[in-house]
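Colleague: what follows is a predicted structure for the sequence shown.
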Amino acid sequence: MVKKEFKAESKRLLEMMINSIYTQKEIFLRELISNSSDAIDKIYYRALTDESISFDSDNYFVKIDIDKENRLLTITDTGIGMTKEELEANLGTIAKSGSLAFKTENELKDGHDIIGQFGVGFYSAFMVADHVTVTSRALDSGEAYVWRSNGADGYTIEEATKESVGTTIELKIKENTEDESYDEFLEEYRIQSIIKKYSDFIRYPIKMDVTNRNLKEGTEDEWEEFTEEKTINSLVPIWRKNKSELKDEDYENFYQEKHYGFDKPLTHLHISVDGAIRYQSILFIPESMPFDYYSKEYEKGLELYSNGVLIMNKCADLLPDYFSFVKGMVDSEDLSLNISREILQHDRQLKMIAKNIKNKIKSQLQSLLKNEREKYEKFYEAFGRQLKFGMYNDFGANKDELKDLVMFYSSKEKKLVTLAEYVERMPEEQKYIYYASGDSIERIDKMPQTEMVTDKGFEILYFTDDVDEFAIKMLMNYQEKEFKSVSSGDLGLDSEDTQESDEKDEQEYQELFTEMNKLLDSKVKEVRASKRLRTHPVCFATDGEVTIEMEKILQAMPD
Ligand code: ADP
Ligand code: MG
C-alpha cells in the first residue's frame, strides 16, 4: 500500500491558527521582536566558535519604524538573516522552527536564551497586517531575497538587494473595519508601550525614532518638533542584576514603573535560584492595602517571564491565597510553554517555583517580625486578616505554616503579641491561652467574664476580628496550650474553698434560680450561681464549642 501524506488546506489552517492561538493582537510585536533577538543570538553563538566573526554588541540591535501615511510598520534587525532556502523552509512551512533546529544542532542546552521553538510566532503578523514582506540577507552571503505574502494565497520569493546582513520585516497594517481598528499599531506611543510591556528585557537595544517637542529658541510658547532615535527597552532586567549593585531606591522605582501599587513597598525580596529549577524573582510586600483588596475585582498573581519575555500578567498559581497581597515577578528559563506562549504546558516547574516562593515570603515575614517589629506591625495591620483567613481556610491545611505569623492585641499592654510571646510569659499556674471576643477592645474590657482572668494576673487576647475565633479553633492549641474563651463554662481557675462557698450560694438561692429559669425558659439553658463574677452582677456563659460571638457571626452568614 502506498502511504499518502496528509493534505491540509494551508490557507484555512493559517487563519485558524492565527486567530485561535492568540488572545491579543498586540502579541505580534512580541513575536517578531523575539525572532529578531534570536537571530542576533545566533550570530553571538557563531562568534563563540568561529574566530572570523567578531561580536561587538554595539552593532546589534532591532529597529522599529512607523510610516503612518503608508500604513507601514517595519521591524529591522542585524541578526543572522536567512538564505533563500531558509526563507522557504522557515517562513513557508507552518510549525517549522529554524530556531529550535539551531538549538539542537548546536547542542545549546545550558544558558540558552533563544526563544523560538514552535515555528508559528511569525504568522501572528497576519493578525494585524494584510501584507508581509520579509527582506533578508544571511551571514556569509552576498545575496538577499525577499519573501512576500498576503497570508491567504501563499507566498513568493524573489532576489532582492540589501546592503547589510540581517532581516527587515515590513507589515502593511490592515485598514480599519467596522468592528476592528488597527490604527493603534501605527501610533508611536502605543508601539512603545507594547515594546515596554512584552520586550523590555530583550538583551539587544530596540530602537525607534521618537518625536519630541522643544520650545523654540527665543520664544516662550512656540514649539518645534524633532525626532530622536531612542532605545525603548531596559535591556538588562533589574532581577538579573547583582543585589549588591542595587539600592532600595532601584526596587522602589521598579515597583512604581510596573504599577504594582500606588504606595511604596514596605519591603522587597530579590531571589535568584540556580538549582533543580532556575528562576529569578523580585517580590514586594506593599505598605498599605490596595483599595480593592477584599473585593471580587482583586486578582492575586505574579508576572511571569520566560527568559525575559512576558508570558503572563497575573500568574495566580504562583501565590497561595494567604499571601495574595504579594506583588512582583518571576523569570525562569525552565518553563515549558504552550504554543501561544501565553500559558504553560506543565505545571510541575511552576509548582516547584511556587513552593519555593512561599517559603521565601514566609521567612522574610519572620525576619521582619524578629528584626523590624515596627514594620511587621504595619504589615500586620494591613494584611494580618488575610493570614488569619489562611489559617482557617482549606480546613486548616496551612495553619501550622501561619501560626507564628499571626498576632493579637493583648490585655497586658494593649499591644500586638504573637502566640509565642504570649505563651513565653504565661505564669506557671496558667493552664490555658485566654481570649475574649467582641467588637472592640473597650467593649471586651467591660465584659464581666474578663475580670476573673485578669484578676489572676493572666493575659487575655482580644479577638475583635470576626475571623479570629475561627482561625484559633482550627489551631486548637499552641505549644500544647489550649485556647480558652473567657465566656466558656470552665475557665480552669477555681480553687477548692471557693467551690465550697459556691455550693452554699447555690443552695441559698435555689428558689430564686428556679423562678428565673422558668421566666427565661426558652432564652437560656440554665441560670446558676457564677464563680467568676467580681464587680458585675451577672454574665452570660456558654458550655459548647461555639461562643456567643461565633454564634453571632454564623447567624449573620448567608446559607
Ligand atoms: P519560532 O520563533 O518559534 O521558531 P517563528 O514562526 O517565529 O517560530 O519563526 C520561524 C523561523 O523563522 C524561526 O525559527 C527562524 O528560523 C526564522 N526567522 C523568523 N524571523 C527571523 C529573523 N528576523 N531573522 C532570522 N530568522 C528568522
Ligand atoms: Mg518566533
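Modeller: Everything's here; your move. Ligands and ions are numbered 1, 2, ... in the order given.
Colleague: which stretches in the stretch 401-550 of the chain count as helices?
Modeller: With DSSP state H, counting those that start in this stretch as the criterion, the stretch 401-550 of the chain has helices at 419-424, 441-445, 448-455, 468-475, 496-508, 510-519, 548-556.
Colleague: tell me the mean pLDDT over the fifth one?
Modeller: Computed over helix 496-508, the mean pLDDT rounds to 60.
Colleague: again, but for the third one
Modeller: Along helix 448-455, the predicted confidence averages to a pLDDT of 84.
Colleague: hmm, who's touching it?
Modeller: Under the contact criterion CB atoms under 8 Å, 6 or more residues apart in numbering, helix 448-455 has outside partners 411, 434, 436, 444, 460, 486-487, 491, 493, 532-536, 538-539, 541. Where you see a C-beta, it was placed from the backbone N, CA and C, and this is true even at glycine.
Colleague: go ahead and build a PyMOL selection from the buried members of those residues.
Modeller: To isolate the buried ones among these in PyMOL, judged by 16 or more other CB atoms under 10 Å, type:
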select buried, resi 411+434+436+444+460+486+487+491+493+532+539+541
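Colleague: what sits against the closest residue to ligand 2 within the stretch 51-200 of the chain?
Modeller: Using CB to the ion, the closest approach of the stretch 51-200 of the chain to ligand 2 is made by Gly121 at 3.2 Å. In this structure, Gly121 makes contact with 31-32, 34-35, 341, judged by CB under 8 Å, 6+ apart.
Colleague: repeat that with 7 Å
Modeller: The neighbours of Gly121, taking CB atoms under 7 Å, 6 or more residues apart in numbering as the test, are 31, 34-35.
Colleague: okay, those in TSV with distance to ligand 2 and neighbour count next?
Modeller: Listed next are these as TSV, based on distance: CB to the ion, whole Å; neighbours: other CB atoms under 10 Å:
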residue	distance to ligand 2	neighbour count
Glu31	5	24
Ser34	5	23
Asn35	4	24
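Colleague: check these against ligand 1, which are close?
Modeller: Checking the contacts of Gly121 against ligand 1 by CB under 6 Å from any ligand atom, the ones in range are 31, 35.
Colleague: for the contacts of Gly121, which one is nearest Phe254?
Modeller: Within the set of the contacts of Gly121, Ser34 lies nearest Phe254; the separation is 22.6 Å, counting by CB to CB.
Colleague: from Asn338, how far off is that closest one?
Modeller: When distance is defined by CB to CB, to the nearest Å, Ser34 is 15 Å away from Asn338.
Colleague: find the nearest non-adjacent residue to the closest residue to ligand 1 within the stretch 101-250 of the chain, please.
Modeller: Taking CB to the nearest ligand atom, ligand 1 has its nearest neighbour within the stretch 101-250 of the chain at Gly116, 2.4 Å off. Sequence neighbours aside, Ser99 is the residue nearest to Gly116 in space, at 3.1 Å (criterion: CB to CB, 6 or more residues apart in numbering).
Colleague: check whether the helix or strand containing the one you found comes near ligand 2.
Modeller: Under the assignment given by DSSP states H and E, the secondary-structure element containing Ser99 is helix 98-105. No. Figure legend: helix 98-105 not in contact with ligand 2 (CB under 5 Å from the ion); closest approach 6.5 Å.
Colleague: please name the strands paired to the helix or strand that comes right after that helix in the sheet, noting orientation.
Modeller: As assigned by DSSP H and E, the chain's next helix or strand after helix 98-105 is strand 129-137. Partner strands and pairing direction for strand 129-137 (DSSP bridges) are strand 144-149 (antiparallel), strand 166-173 (antiparallel).
Colleague: now these in JSON lines, with distance to ligand 2, mean pLDDT and mean neighbour count?
Modeller: What follows is these, written out as JSON lines (distance: least, CB to the ion, whole Å; pLDDT from 0 to 100; neighbours: other CB atoms under 10 Å):
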{"stretch": "strand 144-149", "distance to ligand 2": "15", "mean pLDDT": "97", "mean neighbour count": "21"}
{"stretch": "strand 166-173", "distance to ligand 2": "12", "mean pLDDT": "98", "mean neighbour count": "22"}
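Colleague: which one of those strands lies nearest to Ala471?
Modeller: Comparing these by their distance to Ala471 (CB to CB), the top pick is strand 166-173, with 55.9 Å.
Colleague: leaving out sequence neighbours, find the closest residue to Ser332.
Modeller: Of all residues not flanking Ser332 in the chain, Tyr279 sits nearest, at 3.8 Å (CB to CB, 6+ apart).
Colleague: what helices or strands is the helix or strand where the one you found lies leaning on?
Modeller: Following DSSP H and E, the helix or strand that holds Tyr279 is strand 278-286. If you count contacts as 3 or more CB pairs under 7 Å, 6 or more residues apart in numbering; DSSP states H and E, strand 278-286 packs onto helix 248-257, strand 265-274, strand 327-332, helix 348-371.
Colleague: got the angle for it vs strand 327-332?
Modeller: An angle of 180 degrees separates the directions of strand 278-286 and strand 327-332 when computed by axes from the mean of the first three to the mean of the last three CA atoms, to 10 degrees.
Colleague: please identify the pairing partners of strand 278-286 and their relative orientation?
Modeller: The sheet places strand 278-286 alongside strand 265-274 (antiparallel), strand 327-332 (antiparallel), with pairing taken from DSSP bridges.
Colleague: return the most buried member of these.
Modeller: Burial among the strands paired with strand 278-286, expressed as mean neighbours by mean count of other CB atoms under 10 Å, is greatest for strand 327-332, which shows a mean of 24.
Colleague: quick check: end-to-end length of stretch 116-135?
Modeller: Start-to-end span of stretch 116-135 (CA to CA, to the nearest Å) is 20 Å.
Colleague: for Ala354, which of the helices of the stretch 401-550 of the chain is the nearest?
Modeller: Ala354 lies closest to helix 468-475 among these, at 22.6 Å (CB to CB).
Colleague: out of the helices of the stretch 401-550 of the chain, which gets nearest to ligand 1?
Modeller: The stretch from these with the least distance to ligand 1 (CB to the nearest ligand atom) is helix 468-475; that distance is 48.4 Å.
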